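**Student:** Provide a 3D model corresponding to the input given below.
(chains A, B, C and D)
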There are 2 protein chains.
Amino acid sequence: MALPVASGPSSTKDLILEVALKRFGDHGYAGTSLNDIADEVGIRRPSLLHHFPSKEALYRAVLFASFADWTLLVEQATAGTRQGWPQVERMLRAAFTFFEDHPEFVRLVRWEALEGGPILRDELSLLLRPLFDRGADFLEREMDAGRLRRYDARQLLLTGYGAVLSYLSDGQLMSGLLDLDPLSPAALAKRREHVIDVMRTAVAL
Amino acid sequence: MALPVASGPSSTKDLILEVALKRFGDHGYAGTSLNDIADEVGIRRPSLLHHFPSKEALYRAVLFASFADWTLLVEQATAGTRQGWPQVERMLRAAFTFFEDHPEFVRLVRWEALEGGPILRDELSLLLRPLFDRGADFLEREMDAGRLRRYDARQLLLTGYGAVLSYLSDGQLMSGLLDLDPLSPAALAKRREHVIDVMRTAVAL
DNA sequence: ACACGCATCTACCGACTGGTCGGTAGTACC
DNA sequence: GGTACTACCGACCAGTCGGTAGATGCGTGT
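**Tutor:** Sure thing, here's the model as predicted:
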């Protein structure tokens, strides 16, 4: 009985998903061809289409698989009964760590948010909305209890979303504006602590 | 001598630029075909290629024209000698108004930041960097003078960038998470005041 | 030994891509 | 009345796209 290794996709299908996630994340849906993916997997395009019936089906599978990971992390990070700023910081740190470990996911989400195709509008929103509402409810509860400074809870969530994801998704732009590699561990740590610092000053009491 | 009307492109070339900006902003470089643009302009593709020698040349022209507008706005908003938070708020409001008026520009920048093609890396960064440095210098000066709370100035700029642009670029995602049209005047005003509110709390003294 | 099913292949399709070619109106200048 | 120029067009090019059809090989169960 072999140990399941985190980074070792055994089946061809898993390998396709892994490669597709990278390619879609790097170049978006329109900018990625099935040949690109198949070549990197080491098979021909028809073989790829044997595992997934169409390009859109593959893209959908990649998107939902990634999103499931994200949902799982949110569940873990929001378990427990912590309150006020400590819980906000806990969530921020968990999100940051997750995004650092899944940079392709961040970029995939950004492509999807930008393109705004039917998948996002009709299906992904339905999955995202509960998480968003839960976060907003938490913030509102804590604001009511006087443990956080009062803002519009939903707007605050979007501000955090933008502050964290923009940095991680816009790599080329960042490396043109900053002096060191924006995705290096040092730069990521700096970014993380800065966002937490700003948010703490803005919302903690 | 005719009055130059802001929204009236007289020549075919200007019309092409206008349509191309919209298409590239909506679907990105790879997701836009020259036929799409030519059809909307009302000419055939060869005629379009008579005005611009290639797709990339057209894209480049669109990008630099938009960027020139943005540079101009920054110049205007930073003229004068205002200090501390009032100047930060002034810049924030100017930027927000500009982005509201040029939604295609916001999305174009986001596509470019995400795709990270050679244009961004080799040329756009050179134009963006001075603006970025100037902003960072201003913030550092004001922090040194004790008129703003101390942060890493460059990180703070990036935080503002993400907070403002993410909302405006990710329209479909926002409309799935918020209840009213995220680009309606009411929603935009709400977003603007929220971002300013958070930033004021975070940096004003 | 044989049949079955899965994974993969080669070969091909129609649609579309960015780009080129030759040609044709209309117009301005000399 | 030439001549030259701009703006446009239809036809065509080679290449790529996503997707399909049919054959081959290979492992397994009977």
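**Student:** from here on, just use CA atoms for contacts and neighbour counts.
**Tutor:** Will do.
**Student:** in terms of contact, does A:V62 touch A:K22 like I think?
**Tutor:** No: checked against C-alpha atoms under 8 Å, the pair A:V62 and A:K22 is beyond contact range at 9.7 Å.
**Student:** report the longest helix in chain A, please.
**Tutor:** If you go by DSSP state H, chain A has its longest helix at helix A:55-78.
**Student:** mind listing what's buried in the following helix or strand past that helix?
**Tutor:** Using DSSP states H and E, the helix or strand that follows helix A:55-78 in sequence is helix A:84-101. Within helix A:84-101, the residues scored as buried using 16 or more other C-alpha atoms under 10 Å in any protein chain shown are A:84-85, A:87-89, A:91-96, A:98-100.
**Student:** and the longest helix of chain A, what does it pack against?
**Tutor:** With contacts taken as 3 or more C-alpha pairs under 8 Å, 6 or more residues apart in numbering or on different chains; DSSP states H and E, helix A:55-78 sits against helix A:12-27, helix A:84-101.
**Student:** of all those helices, which one comes closest to DNA strand D?
**Tutor:** Closest to DNA strand D of those, according to C-alpha to the nearest atom of the strand: helix A:12-27, at 10.4 Å.
**Student:** the closest one and DNA strand D, any residue contact?
**Tutor:** No: Helix A:12-27 lies out of reach of DNA strand D by C-alpha under 7 Å from any atom of the strand, never closer than 10.4 Å.
**Student:** which element is A:G31 on?
**Tutor:** For A:G31, there is no enclosing helix or strand under DSSP H and E.
**Student:** now do the contacts for it.
**Tutor:** Contacts for A:G31 (C-alpha atoms under 8 Å, 6 or more residues apart in numbering or on different chains) come out as A:24, B:30-31.
**Student:** my read is that A:R23 contacts A:L34, right?
**Tutor:** No: between A:R23 and A:L34 there is no contact under C-alpha under 8 Å: 9.7 Å.
**Student:** show me which of these two is the more surrounded one.
**Tutor:** More neighbours surround A:R23 than the other of A:R23 and A:L34, with 21 against 17 (other C-alpha atoms under 10 Å in any protein chain shown).
**Student:** so what's that one closest to, chain neighbours aside?
**Tutor:** Leaving aside its chain neighbours, A:R23 sits nearest to A:T32 (6.3 Å; criterion: C-alpha to C-alpha, 6 or more residues apart in numbering or on different chains).
**Student:** quick revisit: what comes up buried for the longest helix of chain A?
**Tutor:** For helix A:55-78, burial by neighbour count (16+ other C-alpha under 10 Å) applies to A:58-59, A:61-63, A:66-67, A:70, A:73-74, A:77-78.
**Student:** reformat the helices and strands packed on helix A:55-78 as JSON lines; add mean pLDDT.
**Tutor:** Listed next are the helices and strands packed on helix A:55-78 as JSON lines, based on pLDDT from 0 to 100:
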{"stretch": "helix A:12-27", "mean pLDDT": "95"}
{"stretch": "helix A:84-101", "mean pLDDT": "96"}
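**Student:** measure A:D101 to A:L15 for me?
**Tutor:** For A:D101, the distance to A:L15 (C-alpha to C-alpha, to the nearest Å) stands at 18 Å.
**Student:** oops, could you answer that again for A:Q155 instead?
**Tutor:** Distance of A:Q155 to A:L15, given as C-alpha to C-alpha: 38 Å.
**Student:** neighbour count: those two, which is higher?
**Tutor:** Neighbour count, other C-alpha under 10 Å: between A:Q155 and A:L15, A:Q155 has more, with 20 against 17.
**Student:** surely the more buried one meets B:R192?
**Tutor:** No: counting by C-alpha under 8 Å, A:Q155 stays clear of B:R192, with 9.9 Å between them.
**Student:** show me what from chain A comes close to DNA strand D.
**Tutor:** Proximity of chain A to DNA strand D, by C-alpha under 7 Å from any atom of the strand, involves residues A:30, A:32-36, A:45-46, A:49, A:53-56.
**Student:** please repeat the previous calculation with a cut-off of 10 Å.
**Tutor:** A:29-38, A:44-50, A:52-59 (C-alpha under 10 Å from any atom of the strand).
**Student:** for ChimeraX, write a command that selects the buried ones of the residues you listed.
**Tutor:** To isolate the buried members of the residues of chain A next to DNA strand D in ChimeraX, using 16+ other C-alpha under 10 Å:
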select /A:29,31,32,33,34,36,37,38,45,48,52,58,59
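**Student:** among the buried residues of helix A:84-101, which are within reach of DNA strand C?
**Tutor:** Among the buried residues of helix A:84-101, proximity to DNA strand C is found for none (C-alpha under 10 Å from any atom of the strand).
**Student:** now the two most distant members of the residues you listed.
**Tutor:** Every pair in these was compared (C-alpha to C-alpha); the two farthest apart turn out to be A:G84 and A:E100, at 24.8 Å.
**Student:** with adjacent residues omitted, what lies nearest to A:A77?
**Tutor:** Closest residue in space to A:A77, ignoring its immediate chain neighbours: A:M91 at 5.8 Å, by C-alpha to C-alpha, 6+ apart.
**Student:** save the helices and strands packed on helix A:55-78 as CSV, and put in distance to A:R147 too.
**Tutor:** Output for those, formatted as CSV (distance: least, C-alpha to C-alpha, whole Å):
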stretch, distance to A:R147
helix A:12-27, 38
helix A:84-101, 5
